[in-house]
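1. Sequence isn't available, so here's the structure alone:
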């Protein structure tokens, strides 16, 4: 509950003028910087107390007596607190020199508490779903446009993290991002682990031999075991080849138990996705260079991500599972998803790292040109009246769901803030 009072103080939705428990007027000029670590809750707050300007820290509690329960009375770090904000003033507090710290009671109307409770306790995937239909369109548009950029920056930070771990190698970074993208959510983490388990330079040594690349990737995925009763020549050949290469390069395979198959159509089995990943390294992996060359052209990017399954994988979904209907290329919708989740974040992150503003703008423009994604999250938002006209909007809706709704961060969401602010306004 204390975080709710932090929210009230930080946003100022209960106003900026107060009277403390001793009858002194308190004017809030600046609520200060919210401290997420130990120490007072807000640093460098600026107040006027009886007309005199003060700069210092603010501490917030539900009950004033929590000051003693939390040990602040013996902690010199709290001597520069200039205001104690509480819900219940059941005690007075002072500094080590005996001077009393001004104290105000921060309360809210019952309507505000009811709104907050409905957000905190809601069972639907969007806790404010019943309220959203009355939200002004401008509020929706402004927040979703901000969320689209926030989503982009969130993904770019992931790219940067991988880039730093790989000593500034953009192609290795791209290989890991592509692998994760081919996991298409369900197997994203296992695919990322697979790509990280084998340096791209090893694949480059065998770039002219697709069979050897497949042996390395399937072997690293933990999918090759010559003792299994799979007797086709291709599988047994992969086992022999991987055994030799693993000893040569000192490789250790991942656990086969990391791969997920539930709710997965055969054409989306990880085996076929690994075959596509292998094809990307055939002839030498240079996808990042190709992405930058096609950064402003959707058609060329679609060609760049049009990976194929060769040989055995034209007629198989998994080892020893033959079919006559296996598509030999990634679908157009899958290629678009790879542009959204791999190409665009890479372009945006690279643009930020080298200071190319126009390239970053091209990355943003790509999302506006691509059709919206079709998935359960986007469909749920559509049922609440939120239409996704393009990939930028669908990315915003996905980000809103995953980073705010699912994490119960309603007080940090502009929609939640709108409803809480309306319910917290003082009655005239």
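-> Yep, that arrived. As the structure is a computational prediction, the values presented were derived from the model and not from experiment.
2. make it CA atoms for all contacts and neighbour counts henceforth
-> OK.
3. tell me which strands and helices the strand of greatest length in the chain is in contact with?
-> If you go by DSSP state E, the chain has its longest strand at strand 52-63. Packing partners of strand 52-63 (3 or more C-alpha pairs under 8 Å, 6 or more residues apart in numbering; DSSP states H and E): helix 2-11, strand 42-49, strand 81-88.
4. could those be laid out in a markdown table, adding distance to residue 146 and mean pLDDT?
-> Shown next, in a markdown table, are those (distance: least, C-alpha to C-alpha, whole Å; pLDDT from 0 to 100):
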| stretch | distance to residue 146 | mean pLDDT |
| --- | --- | --- |
| helix 2-11 | 19 | 87 |
| strand 42-49 | 26 | 96 |
| strand 81-88 | 32 | 96 |
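5. how about these, which one is nearest residue 122?
-> Among the helices and strands packed on strand 52-63, the nearest to residue 122 by C-alpha to C-alpha is helix 2-11 (16.6 Å).
6. tally of neighbours for residue 388?
-> 20 (other C-alpha atoms under 10 Å).
7. Pull the residues that contact the longest strand of the chain.
-> The contact list for strand 52-63 (C-alpha atoms under 8 Å, 6 or more residues apart in numbering) reads 1-2, 5-6, 32, 40-48, 67, 80-90.
8. Buried subset of those, written for PyMOL?
-> This is how PyMOL selects the buried members of the contacts of strand 52-63, with burial counted by 16 or more other C-alpha atoms under 10 Å:
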select buried, resi 5+6+32+40+41+42+43+44+45+46+47+48+67+80+81+82+83+84+85+86+87+89
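9. hmm, back to that, direction included, what does the longest strand of the chain pair up with?
-> Within its sheet, strand 52-63 is paired with strand 42-49 (antiparallel), strand 81-88 (parallel), according to DSSP bridges.
10. circling back to that earlier point, would you turn the helices and strands packed on strand 52-63 into CSV with distance to residue 401?
-> Below are those laid out as CSV (distance: least, C-alpha to C-alpha, whole Å):
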stretch, distance to residue 401
helix 2-11, 21
strand 42-49, 29
strand 81-88, 32
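11. rewinding a little: output the strands paired with strand 52-63 as TSV; include the columns distance to residue 424.
-> Supplementary listing: the strands paired with strand 52-63 in TSV, determined by distance: least, C-alpha to C-alpha, whole Å:
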stretch	distance to residue 424
strand 42-49	21
strand 81-88	15
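12. To residue 365, which of these lies closest?
-> Residue 365 lies closest, by C-alpha to C-alpha, to one member of those: strand 42-49, at 38.8 Å.
13. and that closest one with helix 2-11, angle?
-> 60 degrees (axes from the mean of the first three to the mean of the last three C-alpha atoms, to 10 degrees).
14. follow-up on the earlier one: list the buried residues in the longest strand of the chain.
-> Buried residues in strand 52-63 (16+ other C-alpha under 10 Å): 54, 55, 56, 57, 58, 59, 60, 61, 62, 63.
15. give me the beta-bridge partners of the fourth one?
-> To tie it back to what came earlier, the one meant is residue 57. With DSSP bridges as the rule, residue 57 is bridged to residue 81.
16. Please tell me how far it sits from residue 102.
-> Taking C-alpha to C-alpha, to the nearest Å as the measure, residue 57 falls 12 Å from residue 102.
17. Need the overlap of contacts for these two.
-> With C-alpha under 8 Å, 6+ apart as the test, residue 57 and residue 102 both reach 82, 83.
18. what's the pLDDT at the spatially most central residue of the chain?
-> In the chain, the residue lying closest to the centroid (C-alpha atoms, centre = their mean) is residue 154, at 5.4 Å. The model reports residue 154 with a pLDDT of 96.
19. repeat for the one 3 residues further on
-> Reading off the confidence values, residue 157 has pLDDT 96.
20. For residue 164, find the nearest of the strands paired with strand 52-63.
-> strand 42-49 (32.3 Å).
21. who's in contact with that closest one?
-> For strand 42-49, using C-alpha under 8 Å, 6+ apart, the contacting residues are 24-35, 53-59.
22. How about residue 266: what's its closest non-neighbour residue?
-> Spatial nearest neighbour of residue 266, chain neighbours left out: residue 317 (5.9 Å); criterion: C-alpha to C-alpha, 6 or more residues apart in numbering.
23. which residues touch the helix or strand containing residue 29?
-> Per DSSP states H and E: residue 29 is located in strand 25-30. If you take C-alpha under 8 Å, 6+ apart as the criterion, strand 25-30 is touched by 16, 17, 18, 19, 20, 45, 46, 47, 48, 49, 50, 51.
24. Please repeat the previous calculation with a cut-off of 10 Å.
-> 9-10, 12, 15-20, 44-55, 83, 102-104 (C-alpha atoms under 10 Å, 6 or more residues apart in numbering).
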